[in-house]
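K.L.:
No sequence on hand, only this structure:
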C-alpha cells in the first residue's frame, strides 16, 4: 500500500519519496496521528513549509480525536517551533496557546509538560535571561530522559548548551 511504502521511505530517510507516498496514502484512507507527524517532518525536511504546517495541524487533530492529549500538545509545540523559525510569531503564539490549554486540561501529562517549556527556553534566551533559559532547559532535559523522549532530551540539551554559552561558559556549552 502507499502507506507502507511511505513508512518505508521515511524509515530510510528518503524524504521526498516519503512525502509523495504519504500524500497518496492520505487520498486512500485517513492517516493516524503518527503518520501525519511523519508526513509533517518529511515535508519540513524537503522544504515544503505549507505541507509541513498542514500535516502538523492534522497530526494534532488526529491525536485529539484519539484522546492522546499529550501527543496533541507535542504537535502544537512542534508546529509552533517551525513557525517561529520562519518568523511567523502570531501563528506560533496561537499554537503555543493551544498547547498550554491542552496541558492545563490533561489528567495524565507526559512529555507535553516538557514540550511546552521549549518555547519558554527560546524566549528566555532571546529575552536576555540565560539563567532562566538554563533552568528551564534542565527541566526539559529531565522530563525527556525520564519519559525516554529523545527529541525532547535533545531540545533540552540544545537549550542548555546555548544558555551556558550565553552565560560565558563556552566550554561547558
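P.N.:
Okay, I see it. What you are looking at is a predicted structure, and each value in this text was computed from that prediction instead of being measured. Residues are numbered from 1 along each chain as shown.

K.L.:
which residue ranges form the strands in the protein?
P.N.:
For the chain, strands defined by DSSP state E do not occur.

K.L.:
Just checking, which helix or strand of it averages the lowest pLDDT?
P.N.:
Taking mean pLDDT, DSSP states H and E as the measure, helix 112-115 is the helix or strand of the chain with the lowest mean score, a mean of 88.

K.L.:
Does anything pack onto that one? Which helices or strands?
P.N.:
Contacts of helix 112-115 with other secondary structure elements, assessed using 3 or more C-beta pairs under 8 Å, 6 or more residues apart in numbering; DSSP states H and E, are made with helix 69-85, helix 89-105, helix 130-146, helix 150-166. C-beta coordinates here come from the backbone N, C-alpha and C atoms, glycine included.

K.L.:
Take those helices and lay them out in JSON lines including mean pLDDT.
P.N.:
As requested, the helices and strands packed on helix 112-115 are arranged in JSON lines below (pLDDT from 0 to 100):
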{"stretch": "helix 69-85", "mean pLDDT": "90"}
{"stretch": "helix 89-105", "mean pLDDT": "90"}
{"stretch": "helix 130-146", "mean pLDDT": "95"}
{"stretch": "helix 150-166", "mean pLDDT": "94"}
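
K.L.:
Make TSV out of those and add distance to residue 1 and mean neighbour count.
P.N.:
Converted to TSV, the helices and strands packed on helix 112-115 look like this (distance: least, C-beta to C-beta, whole Å; neighbours: other C-beta atoms under 10 Å):
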stretch	distance to residue 1	mean neighbour count
helix 69-85	23	24
helix 89-105	31	17
helix 130-146	33	19
helix 150-166	27	19
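
K.L.:
can those go into a markdown table with extra columns for distance to residue 119?
P.N.:
Compiled in a markdown table, those are given as follows (distance: least, C-beta to C-beta, whole Å):
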| stretch | distance to residue 119 |
| --- | --- |
| helix 69-85 | 6 |
| helix 89-105 | 5 |
| helix 130-146 | 10 |
| helix 150-166 | 10 |
